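Chemist: Next input, structure requested:
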Amino acid sequence: MKLTCDREKLLDAFQVAAAVAPRKSPKPVLQNVKMSVKESGCTLLATDQEIGVRVDVAGVDAESSGDVLLPVERFGSILRESRDDTLSLTASDKDIVVKGARSRFKLPLADPAEFPDVESSIDDGEHRYVIPGETLATMIRRTVFCADVESSRYALAGVLFEFTEDGLFIIGTDGRRIAKTVHENQTDISASAVVPAKAVQFMSRAVKDGDGEAILSPHHNHIIVKTPTAAVYSRLVEGRYPKWRDVIPSWTEPVVVEVSASELFAAVRQAAIATNEESRGIDVEIGGQAMVLSGSAAEVGSSRIEISVDYSGEPLALTLDHRYLAEFLKVVGDGTVCLEFGGADSPMKLTCEDGYVYVVMPMSKD
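Modeler: Alright, predicted model coming up:
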């Protein structure tokens, strides 16, 4: 195999694939990224045998085809540290030579035949759900942070992809809060897939802005997400996911307050200054045309932040984990957030105009 390539473009693709390769593994061959060069183009493949990634590489001019295994750490370092715009790669059965204008590296190679297959094809007869790539990336970003990767309830370590006749719902929860996003689109697909949080994060990386549409294909025990330049394959998490529709509250006459997301985010960060690991709760009080957020810890001090709101009803107070509010507001960005309450002991429900819903349970005042 022999080729010349645009270093930056190869680096971008290599970093996506390399993120899947395990740092430690009983199978050392998995600590490589497989480069496959054919007349149709250059593709990088990586897997930890639970998640697989295929990434097409632009800016490659191949003189001869072939397959090679590129060691993640060493080859990645060459791509990052080199200052050449273009690199040449020449591989034999035993090693690969990487040349720049004034640099030369020679790395030993493992046998590409030992590398496992990476499943990523989507046949015409299989379920296909088409969604703009940027929309999918946003939905993932707004839900994956809720997954509990350390939970003994394995399903909570994943993110739910639920396909219905009304569209795609993506849900994340750790049992103390839940995030719901929806892409409305009529479809005949009816399926649920709990995808590991790690795989969902790789999907987000593979679905870049400007990549056009993404195709999702759910199966009995795996899911495939494919874009014009990449594909991610993942096994599914076993276990029963919570009935999320029963968890999201719907009150007959809720207390409703609208507030600027950026202003509330700033207030939460300020109130959190006077908290510590043992006292993460901040008190939220609403009444008298104001929302007051306050924190207190014996060895830290106290904080009191006030923001104006359009509310003149009965005063309401509850205690929330400031981290849960901050993580939600961080992914919302600008705009207005609608806060809904059923009472002092009820959850806080936060909604956005685009259908994004987030529910967080209150903390005990003790």
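Chemist: all strands for the stretch 51-200 of the chain, in order.
Modeler: In the stretch 51-200 of the chain, the segments counted as strands under DSSP state E, counting those that start in this stretch are 51-57, 60-64, 66-71, 86-91, 95-99, 104-108, 129-132, 158-164, 167-173, 177-184, 191-196.
Chemist: now these in CSV, with mean neighbour count?
Modeler: Every C-beta, even on glycine, is put in place using the N, C-alpha and C of the backbone. Below are the strands of the stretch 51-200 of the chain laid out as CSV (neighbours: other CB atoms under 10 Å):
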stretch, mean neighbour count
strand 51-57, 24
strand 60-64, 14
strand 66-71, 21
strand 86-91, 19
strand 95-99, 17
strand 104-108, 12
strand 129-132, 16
strand 158-164, 23
strand 167-173, 23
strand 177-184, 21
strand 191-196, 20
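Chemist: For stretch 1-16, C-alpha coordinates in PDB please.
Modeler: These are the backbone C-alpha positions of stretch 1-16, laid out as PDB (Å, rounded to 0.1, in the frame of the first residue of the first chain):
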ATOM      1  CA  MET A   1       0.000   0.000   0.000                       C
ATOM      2  CA  LYS A   2       1.300   3.500  -0.900                       C
ATOM      3  CA  LEU A   3      -0.400   6.800  -0.700                       C
ATOM      4  CA  THR A   4      -0.100  10.500  -0.100                       C
ATOM      5  CA  CYS A   5      -2.700  12.300   2.100                       C
ATOM      6  CA  ASP A   6      -3.700  15.600   3.600                       C
ATOM      7  CA  ARG A   7      -2.500  15.400   7.100                       C
ATOM      8  CA  GLU A   8      -5.200  17.500   8.700                       C
ATOM      9  CA  LYS A   9      -8.000  15.500   7.100                       C
ATOM     10  CA  LEU A  10      -6.500  12.200   8.000                       C
ATOM     11  CA  LEU A  11      -6.000  13.400  11.600                       C
ATOM     12  CA  ASP A  12      -9.700  14.400  11.900                       C
ATOM     13  CA  ALA A  13     -10.800  11.000  10.700                       C
ATOM     14  CA  PHE A  14      -8.200   9.100  12.700                       C
ATOM     15  CA  GLN A  15      -9.200  10.800  15.900                       C
ATOM     16  CA  VAL A  16     -12.900   9.800  15.500                       C
END
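Chemist: Same question for it: list its buried residues.
Modeler: Under the neighbour-count criterion of 16 or more other CB atoms under 10 Å, stretch 1-16 has 1-3, 5-7, 10-16 buried.
Chemist: Over to stretch 352-366?
Modeler: Of the residues in stretch 352-366, those buried under the neighbour-count criterion (16+ other CB under 10 Å) are 352, 356, 357, 358, 359, 360, 361, 362, 363.
Chemist: before we move on, what about stretch 23-34?
Modeler: Neighbour-count burial for stretch 23-34, with 16+ other CB under 10 Å as criterion, is recorded at 29, 30, 31, 32, 33, 34.
Chemist: Can you tell me which of those is closest to residue 336?
Modeler: Lowest distance from residue 336 to these (CB to CB) belongs to residue 33, with 44.1 Å.
Chemist: the helices in this protein, which residues?
Modeler: In the chain, the segments counted as helices under DSSP state H are 7-18, 72-81, 133-141, 197-206, 244-247, 261-271, 322-332.
Chemist: Just give me the lowest mean pLDDT stretch among these.
Modeler: Taking the mean pLDDT of each of these, the lowest value is held by helix 197-206, a mean of 90.
Chemist: Can you tell me which helices and strands that helix packs against?
Modeler: When contacts are defined as 3 or more CB pairs under 8 Å, 6 or more residues apart in numbering; DSSP states H and E, helix 197-206 sits against helix 7-18, strand 51-57, helix 133-141, strand 158-164, strand 230-235.
Chemist: Dump these to CSV, plus distance to residue 73.
Modeler: Converted to CSV, these look like this (distance: least, CB to CB, whole Å):
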stretch, distance to residue 73
helix 7-18, 9
strand 51-57, 17
helix 133-141, 28
strand 158-164, 29
strand 230-235, 22
